[in-house]
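*Asks:* no sequence on this one, just coordinates:
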């Protein structure tokens, strides 16, 4: 899907030097990606928990990550996880299966050595070198299996308005299919009968549909609603 979207809209992606940047743009336009939108502003999370069905309770998910699980947009780990998007499902499965069968060390340098003969790894390194010519072909399989939080470039107005960050997902999931197995979560339930009141209070603080979605197409939609 990502390749097809880039092929059909090359000029839209022309200013995106990395696969992560391309995933951010594709996500912005609604394509399913390896990314999950989050915000560092709890009031933004509260807005989205309330700005939905007023007949059902809302929920704010509070994500707890350590500094060790946080990266910036130019991180090699982020590049590796992003470029998994260009691998076939069978290739991603091969990476995971090989690591399970052949990588057992708790020492990073030893894991890298044990993983280097994985054939599917060659394909990933190919895509990485196209993005970062200096990339050293030394991959710790543990880095491909985690979920990390990422601070992106504020390249889109919506990211800036929503204090946006992303979670980017690796290859691992537990037996129930849960991809968030290395992320701690708390939940804050928002009663359905409080949603409209909270939205009014948030608007007084400058958090509303108008400020959360500053693009001109969204502005047109909001004006149409206001005057119809």
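*Replies:* Sure thing, it's come through. Because the structure is predicted, anything quoted here is derived from the model rather than measured. Numbering: from 1, shown residues only.
*Asks:* Mind jotting down where the strands sit in this protein?
*Replies:* 35-39, 58-64, 70-72, 147-151, 164-169, 184-190 (DSSP state E).
*Asks:* any idea how far the residue most central in space within the chain lies from residue 109?
*Replies:* The residue lying closest to the centre of the chain (Cα atoms, centre = their mean) is residue 35, at 2.2 Å. Separation of residue 35 from residue 109 (Cβ to Cβ, to the nearest Å): 30 Å. (Each C-beta comes from the backbone N, C-alpha and C, glycine too.)
*Asks:* what bits of the protein have low per-residue confidence?
*Replies:* 172-182, 217-219, 222 (pLDDT under 70).
*Asks:* Please name the residues that touch the nearest residue to residue 75 once chain neighbours are set aside.
*Replies:* Leaving out its chain neighbours, the residue that sits closest to residue 75 by Cβ to Cβ, 6 or more residues apart in numbering is residue 150, at 7.4 Å. With contact set as Cβ atoms under 8 Å, 6 or more residues apart in numbering, residue 150 has these partners: 20, 70-73, 75, 78, 165-168.
*Asks:* Just the buried ones from those, in ChimeraX syntax?
*Replies:* This is the ChimeraX syntax for the buried subset of those, where burial follows 16 or more other Cβ atoms under 10 Å:
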select :20,71,73,75,78,165,166,167,168
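*Asks:* can you put the contacts of residue 150 in CSV and add distance to residue 200?
*Replies:* Formatted as CSV, the contacts of residue 150 follow (distance: Cβ to Cβ, whole Å):
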residue, distance to residue 200
20, 37
70, 34
71, 37
72, 36
73, 36
75, 40
78, 38
165, 27
166, 30
167, 30
168, 35
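*Asks:* Residue 6: which of the contacts of residue 150 is nearest?
*Replies:* residue 20 (13.7 Å; Cβ to Cβ).
*Asks:* Report whether the expected contact of that closest one with residue 82 is present.
*Replies:* Yes - between residue 20 and residue 82 there is a contact under Cβ atoms under 8 Å: 4.1 Å.
*Asks:* intersection of neighbour lists for these two?
*Replies:* The contact lists of residue 20 and residue 82 share residue 168, where a contact means Cβ under 8 Å, 6+ apart.
*Asks:* Report the separation between residue 185 and residue 63.
*Replies:* In terms of Cβ to Cβ, residue 185 sits 6 Å off from residue 63.
*Asks:* One more: residue 69?
*Replies:* Counting by Cβ to Cβ - residue 69 and residue 63 are separated by 10 Å.
*Asks:* Ok, residue 84 next?
*Replies:* Separation of residue 84 from residue 63 (Cβ to Cβ): 21 Å.
*Asks:* Can you say which of the strands of the chain is nearest to residue 46?
*Replies:* Among those, strand 58-64 sits nearest to residue 46 (Cβ to Cβ), with 5.9 Å.
*Asks:* Okay, now the sheet partners of the closest one, with direction.
*Replies:* strand 184-190 (antiparallel) (DSSP bridges).
*Asks:* Please compute how far the strand it pairs with lies from its chain's middle.
*Replies:* 19 Å (Cα atoms, centre = their mean, to the nearest Å).
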